[in-house]
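K.L.:
Below: sequence and its predicted model.
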Amino acid sequence: MKKEIIIGFLCFLIATSICVLYRSVNKYTTEGQVSVQSVAENRLKDRVLAEQENYEKLSQELQNAQSKLENLRRDSANNSDEAKKLEKELSELNRLLGYTDVKGKGIIIKLEDAEASDENNKDSLVHDLDLLDIVNELFNAGAEAISINGQRILANTAINCNGNVVRINNEKVGAPFVINAIGLPNGLYGAMTRPDGYLDLMASGKIKIQIDKVENDELVVPKYTGTIQHQYMEVAE
């Protein structure tokens, strides 16, 4: 009997322990779920707030950009006359510097080497120095734009001889040499055909020379197509 009471009491303790353990586990699980859910909700709220702040920031930047664009459009409309004036000045500078095609009245000079039977001395061929002297005479006579075989002549244009080849603006050119010069036709023609002038001296070496006046403003001198680089020059303050 005593043994049965002890066993019954032990069974009661075991059952009580199981109930307590069950309730503890259940409570822990429930609280854990609530805790995890709360953390997830907080993180989601933080993400939403961050995205909202980012959106508001981008929206403000967009509004600022649109405002600047509108101001630029308004300023452009208000300054259209000024822009046209600047564009005209730029075009004029490009024309004077040789960066645009130009046309007008002037003369055309065509130079060809002497016939093979007459090539008995250096004066029977057109040399780079001949072209340089002719260009100088044309500019001195009032030429406003000059080209040789399509190469625009500028202040820094190099005309030199490399073997049997003449280079202008570092481009190979050969006879016949066609020189277009824009300016007063009669003045240019008179300067280049004067007795004992440079072309007259070249003609004595059997060089074939042809000079024509162009009176219809259609003589074309093409633009300079090379690149000008200044390594040592800068604007003085």
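P.N.:
Sure, I can see it. Residues are numbered from 1 along each chain as shown.

K.L.:
from here on, contacts and neighbour counts on C-alpha atoms
P.N.:
Will do.

K.L.:
On the three-state scheme, residue 65 is what?
P.N.:
helix (DSSP: H, G, I helix; E, B strand; the rest coil).

K.L.:
Any idea how many residues pack against it?
P.N.:
A total of 12 residues lie near residue 65 under the criterion other Cα atoms under 10 Å.

K.L.:
And residue 162, by the same measure?
P.N.:
Using other Cα under 10 Å: residue 162 sits among 10 other residues.

K.L.:
how close does it sit to residue 156?
P.N.:
From residue 162 across to residue 156, the span is 18 Å (Cα to Cα, to the nearest Å).

K.L.:
how about the helices in this protein?
P.N.:
Counting by DSSP state H, the chain has helices at residues 2-78, 80-97, 128-140, 185-192, 198-203.

K.L.:
looking at these, which one has the lowest mean pLDDT?
P.N.:
Comparing mean pLDDT across those, the weakest is helix 2-78, with a mean of 58.

K.L.:
Around the closest residue to residue 188 other than its chain neighbours, count how many other residues there are.
P.N.:
For residue 188, ignoring the flanking residues on the chain, the nearest one in space by Cα to Cα, 6 or more residues apart in numbering is residue 141 at 5.8 Å. If you count neighbours by other Cα under 10 Å, residue 141 ends up with 17.

K.L.:
Isn't residue 141 up against residue 191?
P.N.:
Yes - between residue 141 and residue 191 there is a contact under Cα atoms under 8 Å: 6.3 Å.

K.L.:
ok, residue 220 - contacts?
P.N.:
Contacts for residue 220 (Cα atoms under 8 Å, 6 or more residues apart in numbering) come out as 101, 102, 103, 104, 180, 182.

K.L.:
buried set for the longest strand anywhere in the chain?
P.N.:
The residue-count maximum for a strand in the chain (DSSP state E) belongs to strand 208-221. Buried residues in strand 208-221, counting neighbours by 16 or more other Cα atoms under 10 Å, are found at 208, 209, 211, 213, 214, 219, 220, 221.

K.L.:
so which of these comes closest to residue 68?
P.N.:
residue 221 (44.0 Å; Cα to Cα).

K.L.:
ok, back up a step: please produce TSV containing the contacts of residue 220, extended by neighbour count.
P.N.:
Shown next, in TSV, are the contacts of residue 220 (neighbours: other Cα atoms under 10 Å):
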residue	neighbour count
101	14
102	19
103	17
104	20
180	28
182	27
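
K.L.:
and of those, the nearest to residue 67?
P.N.:
Using Cα to Cα, the contacts of residue 220 come closest to residue 67 at residue 101, 41.2 Å.

K.L.:
measure the residue nearest to residue 188 to residue 170 for me?
P.N.:
On the measure of Cα to Cα, residue 141 and residue 170 end up 26 Å apart.

K.L.:
who touches the closest residue to residue 170 other than its chain neighbours in this structure?
P.N.:
Spatial nearest neighbour of residue 170, excluding adjacent residues (Cα to Cα, 6+ apart): residue 158 at 7.2 Å. Counting by Cα under 8 Å, 6+ apart, residue 158 touches 167, 168, 169, 170.
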